[in-house]
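Student: Provide a 3D model corresponding to the input given below.
(chains A and B)
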Amino acid sequence: MTSAFDKLARPVQRWIRAQGWRELRDIQTRAIHVIRDCQADVIVAASTAGGKTEAAFLPLISDVLEAEVGGIGGFDLLYIAPLKALITDQANRLEAICQEAELPVVPWHGDVAASIKTRATKRPRGILLITPESLEALFIRRGLDVPRLFRSVRAVVLDEVHTMLDSERGVQLRSLLTRLELAIGRPVRRIGLSATLGDMAQACVYLRPDDAANVQAIEAAGGEAELRLQLRGYLAGGTDKSIPAPTDLIAKHIFDHLRGTDNLVFAGSRQSVEIYADRLRTMCEDARLPQEFYPHHASLSRDHRDLVERRLKDGRLPTTAICTSTLELGIDIGDVSCVAQIGAPFSVASLRQRLGRSGRRAGKPAILRQYAVEAALDSKSSFADRLRLGLIRSTAMIELLLEKWCEPAQTGALHLSTLVHQILSIIAEKGGAHAPRLYRILCQDGPFRQVSSAIFADVLRAMGQADPALIEQTKDGLLLLGPMGETLVSHYSFYAVFQTPEEYRLISDGRELGTLPVDNMVAPGMMLIFSGRRWLVQEVDDRAKVILVTPAKAGTPPIFGGDAGIIHDVVIERMFSVLKRNDCPAYMDATAQVLLAEARSNFSQMQFSRGRIAQIGEGEWIVATGCGTVKTTTLAFALRARGFTVQIYDGFLEVLIAKCTQPLEVVLRDLADGCDAKLFADNANLMTEKFHPYLSRRLLEIDALTVRLDESCLPTLSETILFDSQLVHLA
DNA sequence: GACCTGCTGCGGCGTG
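Tutor: Numbering: from 1, shown residues only, chains lettered A, B, ... in the order given. Coordinates of the predicted model:
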C-alpha cells in the first residue's frame, strides 16, 4: 500500500521534510488516505493541538496542486471558523505550507483591510479563510459575485464544528453552505474539524443531512494523558469570624500552589474572575513578588487579552489566567500545568475541553483542581444548601468526565429567530423571492427541516405584519424587503445571528480598559474593580456610552448579568445517584467529604431516597424531578400556570402553595392523565433571541417548546413523581 | 443560574 506521505504532492512533502517531522500523526495518516482516495465528506475529531489542521489541509492542498492548471478562476479551498483569532492563526500556518506551493492564502474577517478583500475578489485563487458572518455579508453585499468566487471550490473545511452543532450560528452556517451549493450548482465536499464529540453519528448528520451514512469519521485513538484531580470543599458564611472567607482561602491556595507555572483558573463568571484576579494581584504586591495572575474575559480590552495570551503562549514568564470560557477554545496557548475550576461547571463537554489545555506534553499528567464553595448551615438554611447541590453537581460531572461521557448537541430546535434572519438575507441577496422558493432553499434543502410549510407561512405573515414591516409582497406574490427589513439588512450589525447586549466603554487616561453592560448603575464617585485593578468613576457619558475612570485604592466588582444554562438529564441523574450512594471518592479533601456526608444524610432525612415529594413547611414542598433543566422547567411552568409559586433548582422544584391552588397531588394527577398543561398561562418572557421581537406570541411558544421546554415529558414525569411518593406513604 | 462569538460602506484626510 502507498504510504500516506507518498500520497501527498511534492511541494507538500518538501514542507513536511523542512519541518523535521519524524512521522505523521495517526489521525493525519488516516485523514490523508481518506481525503486522497475518495470524495467523501469527513469529520476529524481530536483534542486541541492534535494536528487536525494539517490532517485536512495537507491532502486538500495536494488535491489542488495536482488539479489541472489554468482553470476558470475562483477560490480552490474554503475554510470557515467561528473566531477571527483562529483565522489569523491558521492563515499564518497555512501560509508556510502554501509558500512552497505558490498558492495564495486569504484571511477574510472584520479586521482584515478592505484592500485585501477587493484584491481577492478581483482575482480569487487559493485558500479563503472566513467567518460565518463575513460569508453572510458576501451573500448580501456581493450576491452576484458568489458563483464566480466559489465555482472552483474543491472542499470547505469547517473548524471547531462541535461549537456549531445546533447552535444559532451553526444553523446559519449550514444555511449558508446550502445557499453556496445552490449558487454554484453542485455539492461541495465538507470536512469538519472538531474536539471530542458526545455523539459522532449526530455530528455526521449535522455535516451532511442528506448523506450522513457516507460521512467518514476519523477519531483520535485514546492516548489521553493521566489525570490527577482534587475536589476541595469550602464553607462560606459561618459564625466563627476567625476563619477566613472561602474566597480568601481559595485565592491563598491558588497563590501557594500555582505560582511559578502557567495555569488556567476558570472562575465561572466575569464578576468572579474580577474578584479572584484582584485578590491574587494584591497578594503578589504584598509579598513584593512580580505579577503573574491576570484576568481574562470577553469584557476586557483586546490589548489586555492579547498580553495575557502572549504570556501564556511564549512560556517565558510564569502566567496564570483567571478566566471565563474565553480561554476554553480558540488559539493555541500552549500547554498549562494545571486547570482549576471554581464552582460547578455547566457541562461536562466544557469541563473536558478546559482540561484538554493541560497535560499535553508527553509524560505530563493533566491536573484538575476543583473548588466547591458551600454555605454554612443553620436552622433557616434552604434545602438546596442542605443538599449541597453545587458540590454534588461538581462530583457528578467529574464522574462523567472520568467515564468519558459528554453531552450530545440538542436536536429538534426550530430556530425561528435564525429563520427570520435567513429569509431577510435571501431576499436581500436576490433582490426579491417567492415564498415557495424560500421554503425550498431553507426548509427542504437547508437546515430548517423541522419547520412545516404552515409554520413557515406563519413566520412570513408575522414578518409582514410587524410594524414597520420586515417584508412586503407585490401583486404577483414576490416578497421584497419592507421598510424595517431594509433598515435591518443595510446595517452592519445584521450579519451576526446572535444577540448582544448594550455596553459602556470604560476608559482610563485615554486607554480603553474594556466594556460594562449598561444595566450597571454607575455614577461619578463610585469605586469599581475591573481588569484586576481598582478604579474611581470620574465621568459617565450616557449618550456616547463612555465611563471615564482613574486608579483608586478600593472598589467593588461590577455585575455582568447572564442567562440560564441548560443542564443535561444525564448529569442530574448522576447527581441523584451520588446522593443515594455511600462511597467516598478518594479525590475529595476532608471538608468536601464532610459536606458530601451531610448532603447524603439530609437527602435521606427528607425521604428522597425513597420518595419524590417532601413537605418542608406549611404549604411548602420540595419536588424531586430527577431530570435536567428542560423537563424540570416544563413542570415548573405547568405548576405556575395553576397558581403555585415555583423556584427551579438542579433536579428539584421548590413549590409554594397559594390559597387558590388545588392540592399538589391533584394537579400532578391531572398532568399525569394528560390534561392540557397550559404552559404559557403566566405570560413568561419568551424573547430570548435576536429576531424574536418580529414573531407572534404563538410562534414564540412553538419555538420555546422545541428547545427550552418539553411538553411531552409531563405525563410520565408527573406519574413517576406520584408513584414514588405513594411508595413512601405505604412505607 | 453563565459564558462566548461577529460586522460594511463611505467620507475625509494624509502621503507617495
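Student: distance-wise, check the residue positioned nearest the centre of chain A relative to A:His296.
Tutor: Nearest residue to the geometric centre of chain A (C-alpha atoms, centre = their mean): A:Thr163, 6.0 Å. Here A:Thr163 is placed at a distance of 18 Å from A:His296 (C-beta to C-beta, to the nearest Å). Glycine gets a C-beta too; all of them are placed from N, C-alpha and C.
Student: okay, buried residues for stretch A:322-339 please.
Tutor: Going by neighbour count (16 or more other C-beta atoms under 10 Å), the buried part of stretch A:322-339 is A:322-330, A:333, A:335-339.
Student: could you do stretch A:56-70 as well?
Tutor: Applying a neighbour-count criterion of 16+ other C-beta under 10 Å, one finds A:56-65 buried in stretch A:56-70.
Student: in strands, which of those fall?
Tutor: Among the buried residues of stretch A:56-70, DSSP state E puts none in strands.
Student: I figured A:Leu481 hits A:Leu424, correct?
Tutor: Yes - using C-beta atoms under 8 Å, A:Leu481 is in contact with A:Leu424, at 6.9 Å.
Student: give me the common contacts of those two.
Tutor: A:470-471, A:489 (C-beta atoms under 8 Å, 6 or more residues apart in numbering).
Student: where does pLDDT dip in the stretch 1-150 of chain A?
Tutor: A:1, A:68-70 (pLDDT under 70).
Student: that one: helices as residue ranges?
Tutor: Using DSSP state H, counting those that start in this stretch, the helices of the stretch 1-150 of chain A run over residues A:10-19, A:26-37, A:52-66, A:84-101, A:114-122, A:132-141, A:146-150.
Student: returning to what we had before: which one of the buried residues of stretch A:322-339 is nearest to A:Phe560?
Tutor: Ranked by distance to A:Phe560 (C-beta to C-beta), those are led by A:Thr324 at 9.3 Å.
Student: OK, contacts around the closest one?
Tutor: Applying C-beta under 8 Å, 6+ apart to A:Thr324 gives the contacts A:266-270, A:273, A:296-298.
Student: quick one, which of A:Leu481 and A:Leu424 is more surrounded?
Tutor: Neighbours were counted for A:Leu481 and for A:Leu424 using other C-beta atoms under 10 Å; A:Leu424 has more, 25 against 20.
Student: do the helix or strand where that one lies and DNA strand B come into contact?
Tutor: Using DSSP states H and E, A:Leu424 sits in helix A:416-430. No - using C-beta under 7 Å from any atom of the strand, helix A:416-430 stays clear of DNA strand B, with a minimum separation of 11.5 Å.
Student: and that helix with helix A:132-141, angle?
Tutor: Orientation of helix A:416-430 against helix A:132-141 (axes from the mean of the first three to the mean of the last three C-alpha atoms, to 10 degrees) gives an angle of 40 degrees.
Student: so what strands line up beside the helix or strand just after helix A:416-430?
Tutor: Sequence order places strand A:433-434 as the next helix or strand after helix A:416-430, per DSSP H and E. Counting by DSSP bridges, the strands paired with strand A:433-434 are strand A:478-481 (antiparallel).
Student: so for the strand it pairs with, mean pLDDT?
Tutor: For strand A:478-481, the mean pLDDT works out to 97.
Student: quick one: contacts of it?
Tutor: Strand A:478-481 has contacts (C-beta under 8 Å, 6+ apart) with A:424, A:427-428, A:432-435, A:438, A:460, A:470-474, A:489.
Student: and stretch A:634-647, by the same measure?
Tutor: So stretch A:634-647 is contacted by A:623, A:625, A:648, A:653-658, A:660-662, A:664, A:667, A:671, A:677-682, A:684, A:709-711, A:713-714, A:717-718 (C-beta under 8 Å, 6+ apart).
Student: mind checking which of those residues land in strands?
Tutor: Reading strands off those with DSSP E, I get A:623, A:648, A:653-656.
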